[in-house]
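> dropping a prediction and its sequence here:
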Amino acid sequence: MSRHERPEAPRPVTPPDADTPGSESPKAQAAAPKGRKMRILAGLAAAALLAGGYEGWHWWSQGRFLVSTDDAYVQADLSLISAKITGYVADIPVSANQHVRAGEVLLRIDDGDHRIALEQAQARLTELSSTLARIDAQVAAAESGVDQAKAQLAASDAVLTAARASAERARDLAGRRVTSQADLDDANESLATAEANRNAANAAIAGALAQVEVLKAQRAEAGATRRALELAVAQAQRDLDFTTLRAPFDGTVANIAIKQGELVSAGARLAAVVPDQGLYVEANLKETQLAEVRAGQTAHLSVDAFDGPAIEGRVVPVAPATGAVFSLLPAENATGNFTKIVQRVPVRIELPEGTPGLRAGLSVEVEIDTRTGPDAALAAAG
């Protein structure tokens with residue numbers, strides 16, 4: 001038998017479960033990852049349980065008393081600067097984002113026409129003042145004429161009395177044939193003349209009094225015209241003053257919408273002034289969140305633009321209506337198909353004075369603590 005035909009020795013068969021020295025069995029290799037996976041799952045379950053417990057404790061101790069929203073913004077009662085007259089812009093002494101003081105000039109409109117109108121009104125008023133002075137002098141002269149006519153009446157009365165006495169004596173003497181008929185006729189003529197002079201004096205008095213009344217009526221009419229001219233002067237002065245637009249309060253100029261030389265019309269919006277003080281937050285809460293919200297409660301505010309601790313504000317009286325009521329086109333749910341939408345109510349929150357860096361329009365996250373406020377203070381005191 002050749003060596004190529006020599007039978008081979010049988011190889012030992014190793015059972016599948018037997019451990020090979022220096023290596024792990026397949027079961028051990030499969031059990032190790034399963035154990036690690038179970039430990040990871042157990043850790044995750046414990047972490048989730050702890051997190052859920054913490055969240056539950058936090059909600060029970062604080063969260064259920066907090067009303068929160070991210071639909072909130074910093075607001076300011078800014079002033080929109082508008083023109084009250086029509087004219088060309090002559091000067092804009094301020095620039096955008098410049099800080100101004102109350103009364104500082106923001107814009108000047110060409111005032112040439114308004115100065116002319118003021119001078120014309122003042123000239124008419126001066127002319128009328130001269131007319132009134134002339135009428136007053138005429139009234140005084142007419143009243144002197146009345147006094148003169150009254151004096152003439154007194155003289156006529158004296159002459160009439162003497163003439164009557166003379167006529168009486170002449171008639172007596174003529175009856176006794178002491179004087180001639182010619183003397184009696186002269187006496188009667190003198191009496192008639194005296195009576196005519198007295199009537200003329202009365203007529204002169206009436207004429208002088210009528211002249212005084214006419215002049216006084218002219219004086220009253222001119223006085224009414226004077227009042228109208230005084231109002232015209234005041235109106236011209238106001239129009240002239242309106243050519244200069246000033247800052248209504250301390251603040252920052254923004255949104256300048258005009259340039260020098262442009263024509264502006266009455267009511268045109270030219271710029272805006274944002275006040276330094278008086279900023280507040282307007283939070284739009286859902287109607288389902290309003291049950292426990294009261295004025296005076298504390299609100300914690302987180303401004304998106306800032307990093308740092310929350311700002312503490314105070315809730316002021318809640319708006320009397322939802323935002324939809326004040327919109328330009330309120331919803332009319334009585335027409336067409338109705339879809340219920342949760343409404344939002346604006347809630348104003350006061351900010352502490354001097355809070356740095358705030359700007360109108362910044363986004364804010366709000367948390368209102370319903371445990372605070374006057375009601376809570378009274379309950380704690382009781």
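Thanks, I have the structure now.

> so residue 278, which of the three states?
coil (DSSP: H, G, I helix; E, B strand; the rest coil).

> leaving out sequence neighbours, find the closest residue to it.
Closest residue to residue 278 in three dimensions, ignoring its sequence neighbours and counting by C-beta to C-beta, 6 or more residues apart in numbering: residue 77, at 5.9 Å. C-betas here are computed from N, CA, C, even on glycine.

> now the lengthiest strand in the chain: mean pLDDT?
For the chain, the longest strand by residue count, based on DSSP state E, is strand 66-75. Averaged across strand 66-75, the pLDDT comes to 92.

> in the next helix-or-strand element following that strand, what counts as buried?
Tracing the chain C-terminally past strand 66-75 and defining elements by DSSP states H and E, one meets strand 79-82 next. Along strand 79-82, the positions that meet the burial threshold by neighbour count (16 or more other C-beta atoms under 10 Å) are residue 81.

> show me what strand 79-82 is packed up against.
Other helices and strands packing on strand 79-82, by 3 or more C-beta pairs under 8 Å, 6 or more residues apart in numbering; DSSP states H and E, are strand 269-275.

> what about the helices in the stretch 101-250 of the chain?
Listed in chain order, the helices of the stretch 101-250 of the chain (DSSP state H, counting those that start in this stretch) span 112-175, 181-241.

> mind putting the ones you listed into TSV with mean neighbour count?
As requested, the helices of the stretch 101-250 of the chain are exported to TSV (neighbours: other C-beta atoms under 10 Å):
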stretch	mean neighbour count
helix 112-175	15
helix 181-241	15
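
> please produce TSV containing these, extended by mean pLDDT and distance to residue 44.
Compiled in TSV, these are given as follows (pLDDT from 0 to 100; distance: least, C-beta to C-beta, whole Å):
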stretch	mean pLDDT	distance to residue 44
helix 112-175	81	80
helix 181-241	81	76
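
> residue 349 is nearest to which of these?
If you check each of those against residue 349 by C-beta to C-beta, helix 181-241 wins as the nearest, at 38.5 Å.

> who does the closest one touch, helix- and strand-wise?
In terms of contacts (3+ C-beta pairs under 8 Å, 6+ apart), helix 181-241 is packed against helix 112-175.

> so the helix it packs on versus helix 181-241, what angle?
Helix 112-175 and helix 181-241 meet at an angle of 170 degrees, taking axes from the mean of the first three to the mean of the last three C-alpha atoms, to 10 degrees as the criterion.

> for helix 112-175, packing partners?
For helix 112-175, the helices and strands in contact under the criterion 3+ C-beta pairs under 8 Å, 6+ apart are helix 181-241.

> how does it look with 10 Å?
Contacts defined by 3 or more C-beta pairs under 10 Å, 6 or more residues apart in numbering; DSSP states H and E place helix 112-175 against strand 87-91, helix 181-241.

> I'd like the ones you listed as CSV, with distance to residue 269 appended.
Supplementary listing: those in CSV, determined by distance: least, C-beta to C-beta, whole Å:
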stretch, distance to residue 269
strand 87-91, 13
helix 181-241, 20
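
> which one of those lies nearest to residue 355?
Closest of these to residue 355 is strand 87-91, at 35.1 Å (criterion: C-beta to C-beta).

> and after the closest one, which helix or strand comes next?
From strand 87-91 onward toward the C-terminus, using DSSP H and E, the following helix or strand is strand 99-100.

> and that next one, which strands flank it?
When sheet partners are counted by DSSP bridges, strand 99-100 sits next to strand 251-254 (antiparallel).

> please report how far the most centrally placed residue in the chain lies from residue 99.
The residue lying closest to the centre of the chain (C-alpha atoms, centre = their mean) is residue 79, at 8.0 Å. When C-beta to C-beta, to the nearest Å is applied, the distance between residue 79 and residue 99 equals 14 Å.
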